[in-house]
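**Q** Sequence isn't available, so here's the structure alone:
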């Protein structure tokens, strides 16, 4: 399996999803050898991790500055806020790192005897193709987010073409939602028969009573509405602010927390002042997993206003903490979470109305907490990995 992000070295949902799938596959009896650009990874069970060494990387160079999350122009600004120990996930020259990784792909895996090869997102597609050709084994291309999602359909053409090339070379494509599958068919020209949808899972390991989780946070406190994600166009933070302004006109007591960092931070701070929200919006910056869980537990509702969201693992994290969720219809997670408000990302007035309803109607909020928790019991990584294992067997047989 060729991956790029993997905890503890990860900046977004890609690493979390990759780890969840690997753990789920191992629980289903699949032996995984994980190929990463660096050797730092949380080892589980008998999972093997391999990465390029200096001998493999001699005389390799390409000039580029690309990011899988933002525009190239915003990339360096974003990296300023990333802890130094995590910067080598993408580094100052992503193109160089990808070429290094790709060039070493066959050498790294020549002693592995795979039944199938599996690669995650465009950074790893060429490495997966080279290794699959060497081993003469089938290739699965997993797509977690397309270049169209990241750029609101104004793609970097080079990345877009690398994605399409990888899709065309793969024996099977896994899309994380029907929403993503439709993008691959309509914008990349991929045959729907070659795409299987396997939704992301979650890491819930114990039964919870969502309506009682951290209940002390939800009594006698100022109402709080939460946004948590990268501060990029894709995630819809400006839509969140527009929604907040609508709510503020009716409920000036409501507080809004925007957690996350990214190239839009300065713009968002300015917009919050223009909208008269300077006393009601807290910019929390990048938060740890533990801090995120506490924010979810404190929030009266979580809003995910993404313009284009292939899945949206953060919504499952909110549900795990017993937080009612309001989801963009332009998201994959809205396909699997029934008990939630779902709104077009551009309809901020309706989004605001949904938030006000959650804040006003306590019985409804408790019902959303209780019913949405059932989704987590079915949507586990172990179960989703079972679907991936079945796909492997179809390719092998």
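**A** Received, thanks. Being a predicted model, the structure only gives us computed values, none of them experimental. Numbering: from 1, shown residues only.
**Q** Can you give the domain ranges for the chain?
**A** 13-201+380-396, 210-378 (automatic domain parsing).
**Q** quick one, phi/psi of residue 168?
**A** Phi and psi for residue 168, reported as degrees, to the nearest 10, are phi -70, psi -30.
**Q** Is it in contact with residue 184, as I believe?
**A** No: applying Cβ atoms under 8 Å, one finds residue 168 not in contact with residue 184, separated by 10.8 Å. Where you see a C-beta, it was placed from the backbone N, CA and C, and this is true even at glycine.
**Q** Quick check: neighbours shared by the two?
**A** residue 190 (Cβ atoms under 8 Å, 6 or more residues apart in numbering).
**Q** re earlier: save the domains of the chain as CSV, and put in distance to residue 3 and mean neighbour count too.
**A** Output for the domains of the chain, formatted as CSV (distance: least, Cβ to Cβ, whole Å; neighbours: other Cβ atoms under 10 Å):
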stretch, distance to residue 3, mean neighbour count
domain 13-201+380-396, 5, 18
domain 210-378, 16, 19
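**Q** between the ones you listed, which gets the lowest average pLDDT?
**A** Note on the domains of the chain: lowest mean pLDDT is at domain 13-201+380-396, with a mean of 87.
**Q** so how far does it reach from one end to the other?
**A** 29 Å (Cα to Cα, to the nearest Å).
**Q** my guess is residue 333 meets residue 306, correct?
**A** No: counting by Cβ under 8 Å, residue 333 does not reach residue 306; the two are 9.5 Å apart.
**Q** what is in contact with these two at once?
**A** In contact with both residue 333 and residue 306: residue 312, using Cβ under 8 Å, 6+ apart.
**Q** sorry, back to before: quick one: the domains of the chain as JSON lines, columns for distance to residue 6 too.
**A** Shown next, in JSON lines, are these (distance: least, Cβ to Cβ, whole Å):
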{"stretch": "domain 13-201+380-396", "distance to residue 6": "5"}
{"stretch": "domain 210-378", "distance to residue 6": "15"}
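**Q** Of these, which is nearest residue 4?
**A** For residue 4, the closest of these is domain 13-201+380-396, at 4.6 Å, according to Cβ to Cβ.
**Q** Run through the helices of the stretch 201-350 of the chain in chain order.
**A** 237-250, 265-274, 289-298, 313-320, 348-360 (DSSP state H, counting those that start in this stretch).
**Q** For the longest one, name the packing helices and strands.
**A** Using 3 or more Cβ pairs under 8 Å, 6 or more residues apart in numbering; DSSP states H and E, the elements in contact with helix 237-250 are strand 224-228, strand 255-259, helix 265-274, helix 348-360.
**Q** now it, how far from the centre of its chain.
**A** 24 Å (Cα atoms, centre = their mean, to the nearest Å).
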